[in-house]
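Peer 1: Fold the following and give me the result.
(2 chains)
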Amino acid sequence: MKKALPLLLCITLIALVLLSGCAQQEKKPGAITVEIYDRGNPGGSKPEDNFFTEFIKKGMLDTYNVQVTFKPVPRWTEVEVLNNLLAANEAPDICVTYSYPTILTYANMGGVLDMAPYLKKYKNKLPNLWKLLGDRNIYWDRDPKAGTVWCIEALLFNNMRNSVFVREDWLKKLNITEPTTLEEFEAMLVAFRDNAKTLLGSNADKMIPFSLSIDVGWRADPLSTSFVPDNISDKEMWINGFDDRRLLWPGIKEGFRVLNKWYNEGLIWKDFPLYSYSDTTEGNLQKAGYVGAYFGNWDLPYRDQENGIQANLKKLVGPDAAYIAIEPFKNDAGKYRKYLSAPIDRKVFFPATNKDPVSSLMYLEWLATLENRRFLQIGEEGVNHEKQADGSVKAIAATGDKIMNSPNNIDYTIIINGLDLGDQDLNIKSLALAYPGVDKSYLEKSYTIMKHDSRITPNFNVGDIKAEEGMGPALKEKRDTLLTKAVISKPDQFDAVYDAGMKDYLNSGGQAIIDERRAKYEEIFGK
Amino acid sequence: MILPLTYFVIFKYIPMTYIQVAFKKYTIIKSPWEMPWADNGGFEYFIKAFSNRDFLYALRNTIMLNLLDLVTGFPAPIMLALLLNELRIRWFKRVTQTIAYLPHFLSWIIIYGMAVQLLAPTSGLVNIVLNRMGIKSIPFLNDSTYWVGTYVFLGIWRDVGWNTIIYLAAITAINPELYEAASMDGAGRIKKMWHITLPGLRPTIVVLLILSLGRILGSEFDRPYALGNALVKDVSNVIATFVYTYGIRGLQFSLTTAVGMFQSVVCVIFLFIANGLAKRIGEQGIV
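Peer 2: Here you go, the predicted structure:
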């Protein structure tokens, strides 16, 4: 008995120590930092501290015992700011960017964590992430040789591009039917120009039949891609597709020749080259009712509620004034082809400084869980949305702490962009209701047009393209310069200006990229 | 004495060690001392810069714009100072001076906004007036040749008043007896300006000229960046905007450090040449 007592004491002591250790382990939560876009919205909430961040923080703590801190990064200078954070080893544990080259550059320097081993090891703990993104988006950028995964691609849920918008009320006033061919579209622009007095009265000198911006390549998309031969192969689309304005696709040039003709006939806004990317002048001209037609994102005129184009048009011009989406440009096969982007959006990556990749993956898993992302996308009933009788959801503009700083909170749902209620039918119905104050028929029309004859650009994963490194911004500048100059040149100089610009583009790195892409493609997928 | 010295060592000299990035392959995870050397004996990025046509254009544009600034912008404040000095009504002189230096406080982004409002081909006020008079629009901002003129003019407009201050200060230091003596000898205003005021300003002019020459290859970023647009890229792209595009946005840190270093070295050489010339013609110089 005398011997047993100290033994018992010892055992009790050890058990106590062990227990307390366990308890401490359970109590001590993991901690991660997450990048969040700061859009600086007037009247918005603090991106890193509001109703929705609290929802995420609480959810992560309750489900995975992980503390989350948000680190705001300005949306419009995200690459520059992210560069600084990465270079200073101060990047958040979970980073988000639209720029894959940025990730690749830092990955090649050893600054990015390879997600591949973690994704493999913890796959069964990430069922929702896999269900939402699938192998396709998770392994989108996997290196075919090394097997490394530097980032996973978010899902672009509503994969859209540009529509052609014209003034519905002007068509009616001039008794013109919706154009269905290029010729009819051009005749319509001429009619706008020649009837400026009828349409704008004393403001006739402000008439802009067609408006354009410095991002000519993007804005011209519906017209320029209608000149791409319909039988273009996936291979050629991909090899020549590193410029997302499709500058290098065959036939594109002819689209710009049309714009050049329009410009010289006084159909295009003359001063467009003087305004920068973020300038609001063109939008203001559209809102004021001086612009007859333009190409833009499928929902552009209907966005931004009372600050939007459609809403202002009705306010400033009259209740009948409206932009409507039309489909006028056929390709060589007689199709109204829309080349939609690949279904990828932002890229989520972990910098090498991330000490807790497992918790970071669990964060993505938590976001991928339907009820969590649905709450983030539609918010609170009665505050952020109203349920309709058919189950669809109508967005309401909230104020105060529960305001959403980005549509459907896309800045928080970093692995998916676009409303997903888990039911395709409800999604489409709700999408048309997501624009308070806009008649849903306008949105449905633009949506239907966008999906008509659409084709998705393919993905061939061949690993790094060395020639692309660091060239993105410089080539983008050259593209904008070349296209703007070509559009405003004299018609007899169009070819010379376009070809000289293209030569400069190719000599400055464009050709090297094409060659490397072709070689790598053929190495992996054959000729 | 120790405090300012520490400040300079920590914030000015220690960061200078990063200049070696120009000769090394930049890696985020290593300190500059550990980064591997670049190819071609460390001169890989210098060679790359000089074989990049955009850099050569940027170099040409930097020199061209700075020279034009120097030729037109340097004498302007001297002339304004001389003119202001001749004004006899004090309040008028003060008001004029104040109005002249106010634009200095406007940012280039605002100035570009004003320039577009005034000079755009169809909606700009100046061109609207010209059109009403039956004259065709002048492409102030969208034609390379005109753009250079606009660029230089806006530079003078913004800074002439500000730069005048230093000359006006120098003028007040000229001995008034000289003017009185000249008046006794029957010298008029022009004669006094030529024989007294201008020689009195000479040391100031020389020092400022040396400093200006030292900046001949140095380039400001905001002015060409804000005033430039896609149509005039061939003349508006200067070294600073090149560094921004390739370095900061394109993540080519070694390349742009090399460019920055080249720029600084050339500037220092110019500074010394100008200083040497000044000494040779009998001025004090600055070094």
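Peer 1: Give me every residue in chain A lying close to chain B.
Peer 2: Where proximity means Cβ under 8 Å from any Cβ of the partner chain, the interface of chain A facing chain B comprises A:79-80, A:83, A:86-87, A:89, A:101-102, A:105-106, A:109-111, A:214, A:270-271, A:273-276, A:352, A:469-474, A:477, A:480-481, A:484-485, A:488, A:504, A:507-508. Every C-beta, even on glycine, is put in place using the N, C-alpha and C of the backbone.
Peer 1: Please repeat the previous calculation with a cut-off of 6 Å.
Peer 2: A:80, A:87, A:105-106, A:109-111, A:214, A:270-271, A:273-274, A:470, A:473-474, A:480-481, A:484 (Cβ under 6 Å from any Cβ of the partner chain).
Peer 1: filter the residues you listed to the buried ones?
Peer 2: Buried members of the residues of chain A next to chain B, scored by 16 or more other Cβ atoms under 10 Å in any protein chain shown, are A:87, A:105-106, A:109, A:111, A:214, A:270-271, A:273-274, A:470, A:473-474, A:480-481, A:484.
Peer 1: Contacts for the host helix or strand of B:Ala240 next, please.
Peer 2: B:Ala240 is located in helix B:239-242, with elements delineated by DSSP states H and E. Contact with helix B:239-242 is made by B:Phe55, B:Ala58, B:Thr62, B:Ser219, B:Phe221, B:Pro224, B:Tyr225, B:Gln263, as judged by Cβ atoms under 6 Å, 6 or more residues apart in numbering or on different chains.
Peer 1: and it, what's its mean pLDDT?
Peer 2: Averaged across helix B:239-242, pLDDT comes to 92.
Peer 1: Tell me which stretches of the stretch 151-300 of chain A form helices.
Peer 2: For the stretch 151-300 of chain A, the helices defined by DSSP state H, counting those that start in this stretch cover A:168-173, A:182-194, A:196-200, A:216-219, A:221-224, A:234-239, A:252-264, A:281-288.
Peer 1: most packed of the ones you listed?
Peer 2: helix A:221-224 (a mean of 24; mean count of other Cβ atoms under 10 Å in any protein chain shown).
Peer 1: which strands and helices sit next to it?
Peer 2: strand A:162-167, helix A:252-264 (3 or more Cβ pairs under 6 Å, 6 or more residues apart in numbering or on different chains; DSSP states H and E).
Peer 1: Using CSV, lay out these together with mean pLDDT.
Peer 2: What follows is those, written out as CSV (pLDDT from 0 to 100):
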stretch, mean pLDDT
strand A:162-167, 96
helix A:252-264, 97
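Peer 1: Tell me which of those sits nearest to A:Asp38.
Peer 2: Among the helices and strands packed on helix A:221-224, strand A:162-167 comes nearest to A:Asp38, with 27.1 Å by Cβ to Cβ.
Peer 1: quick one: that closest one to chain centroid distance?
Peer 2: Its chain's C-alpha centre and that of strand A:162-167 lie 19 Å apart, by Cα atoms, centre = their mean, to the nearest Å.
Peer 1: repeat for stretch A:118-131
Peer 2: With Cα atoms, centre = their mean, you get 25 Å for stretch A:118-131.
Peer 1: Next, the buried residues of that stretch.
Peer 2: A:Tyr118, A:Leu119, A:Leu126, A:Asn128, A:Leu129, A:Trp130.
Peer 1: what about the helices of the stretch 151-300 of chain A, which gets the closest to A:Leu364?
Peer 2: Checking the helices of the stretch 151-300 of chain A against A:Leu364 by Cβ to Cβ gives helix A:234-239 as the closest, at 27.6 Å.
Peer 1: one step back: okay if I get the helices of the stretch 151-300 of chain A as a markdown table plus distance to B:Val21?
Peer 2: Supplementary listing: the helices of the stretch 151-300 of chain A in a markdown table, determined by distance: least, Cβ to Cβ, whole Å:
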| stretch | distance to B:Val21 |
| --- | --- |
| helix A:168-173 | 57 |
| helix A:182-194 | 53 |
| helix A:196-200 | 57 |
| helix A:216-219 | 34 |
| helix A:221-224 | 40 |
| helix A:234-239 | 34 |
| helix A:252-264 | 39 |
| helix A:281-288 | 40 |
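Peer 1: Mind jotting down where the strands sit in the stretch 51-200 of chain A?
Peer 2: A:66-74, A:95-97, A:152-156, A:162-167 (DSSP state E, counting those that start in this stretch).
Peer 1: would TSV of the ones you listed with distance to A:Thr180 be doable?
Peer 2: Below are those laid out as TSV (distance: least, Cβ to Cβ, whole Å):
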stretch	distance to A:Thr180
strand A:66-74	43
strand A:95-97	40
strand A:152-156	29
strand A:162-167	11
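Peer 1: how about the residue nearest the centre of chain B, what does it touch?
Peer 2: Residue closest to the mean C-alpha point of chain B, counted by Cα atoms, centre = their mean, is B:Asn66 at 6.2 Å. B:Asn66 is in contact with B:Ile216, counting by Cβ under 6 Å, 6+ apart.
Peer 1: ditto for the one 4 residues further on
Peer 2: For B:Leu70, the contacting residues are B:Ser212, by Cβ under 6 Å, 6+ apart.
Peer 1: just to revisit the earlier point, and of the helices and strands packed on helix A:221-224, who's closest to A:Lys527?
Peer 2: Nearest to A:Lys527 among the helices and strands packed on helix A:221-224 is helix A:252-264 (24.5 Å), distances taken as Cβ to Cβ.
Peer 1: CA atoms of that closest one as CSV?
Peer 2: Presented in CSV, the C-alpha positions along helix A:252-264 are these (Å, rounded to 0.1, in the frame of the first residue of the first chain):
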residue,chain,number,x,y,z
ILE,A,252,-9.9,40.3,-86.0
LYS,A,253,-8.2,43.1,-88.0
GLU,A,254,-11.3,43.4,-90.3
GLY,A,255,-13.4,44.3,-87.3
PHE,A,256,-11.2,47.2,-86.6
ARG,A,257,-11.3,48.2,-90.2
VAL,A,258,-15.0,48.6,-89.8
LEU,A,259,-14.5,50.8,-86.7
ASN,A,260,-12.0,52.8,-88.7
LYS,A,261,-14.6,53.4,-91.4
TRP,A,262,-17.1,54.5,-88.8
TYR,A,263,-14.7,56.8,-87.1
ASN,A,264,-13.9,58.6,-90.4
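Peer 1: what does that helix contact?
Peer 2: Helix A:252-264 is contacted from outside by A:Ala220, A:Leu223, A:Ser224, A:Phe227, A:Arg246, A:Ile268, A:Ala486, A:Val487, A:Ile488, A:Pro491, A:Phe494, using Cβ under 6 Å, 6+ apart.
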